[in-house]
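**Q** Quick one: sequence and predicted model below, then my questions.
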Amino acid sequence: QVQLAESGGRLVQAGGSLRLSCAASGRTISEFVMGWFRQPPGKEREFVATISIWSGGATRYADSVRGRFTISRDNAKNTVYLQMNTLKPEDTAVYYCAARDSVSLLIGTSDYDYWGQGTQVTVSS
């Protein structure tokens with residue numbers, strides 16, 4: 001079992017930046033592919049970014065965030081990050097961290113076994 005706890009969400013103006021953190025406990029995340037998802041108000045949860053098990057390893061992004069968001073991980077700290085730049089009002093959502101014991105990059109919500117409780121990001125125009 002692994003427990004995930006997101007932090008860093010808050011209200012920010014359009015064009016601003018935020019860094020979300022996902023701290024894991026229970027197991028080392030070095031064995032897990034990690035992902036970030038988000039759920040905008042009234043919409044389904046959607047893929048944002050994923051990173052392979054190695055720090056500095058392969059990544060994949062949703063088209064809507066590519067070039068603005070960066071996923072990274074520090075296995076020594078058992079933490080995954082999501083750096084979000086040039087934020088837009090449409091980035092407003094609850095952001096979730098997810099983990100799966102796998103070596104493949106995963107983009108589906110059903111692909112992941114472990115989820116955090118989420119952190120709210122609100123971008124004002």
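**A** On my side now, so go ahead. Numbering: from 1, shown residues only.

**Q** if you go through this structure in chain order, where are the strands?
**A** For the chain, strands defined by DSSP state E occupy the ranges 3-7, 11-13, 18-25, 33-39, 46-51, 59-61, 69-74, 79-84, 93-100, 114-115, 119-124.

**Q** Run the angle between the fourth one and strand 3-7 for me.
**A** For strand 33-39 against strand 3-7, the angle between stretch directions is 50 degrees (axes from the mean of the first three to the mean of the last three CA atoms, to 10 degrees).

**Q** Across the sheet, point out what pairs with the residue sitting nearest the centre point of the chain.
**A** By CA atoms, centre = their mean, the chain has its centre lying nearest to residue 36, at 2.4 Å. Beta-bridge pairing for residue 36 (DSSP bridges): residue 49, residue 97.

**Q** ok, it - contacts?
**A** Neighbouring residues of residue 36 by CB atoms under 8 Å, 6 or more residues apart in numbering: 20, 22, 48, 49, 50, 71, 80, 82, 95, 96, 97, 98. C-beta here means a position set from N, CA and C on the backbone, and glycine is covered the same way.

**Q** With residue 95 as the reference, measure out to it.
**A** Distance of residue 36 to residue 95, given as CB to CB, to the nearest Å: 6 Å.

**Q** Help me confirm that residue 69 comes into contact with residue 49.
**A** Yes: counting by CB atoms under 8 Å, residue 69 does reach residue 49; the two are 5.9 Å apart.

**Q** Give the residues shared as contacts by these two.
**A** With CB under 8 Å, 6+ apart as the test, residue 69 and residue 49 both reach 61, 82.

**Q** So for residue 105, what's the pLDDT?
**A** We have a pLDDT of 89 for residue 105.

**Q** burial count for it?
**A** 18 (other CB atoms under 10 Å).
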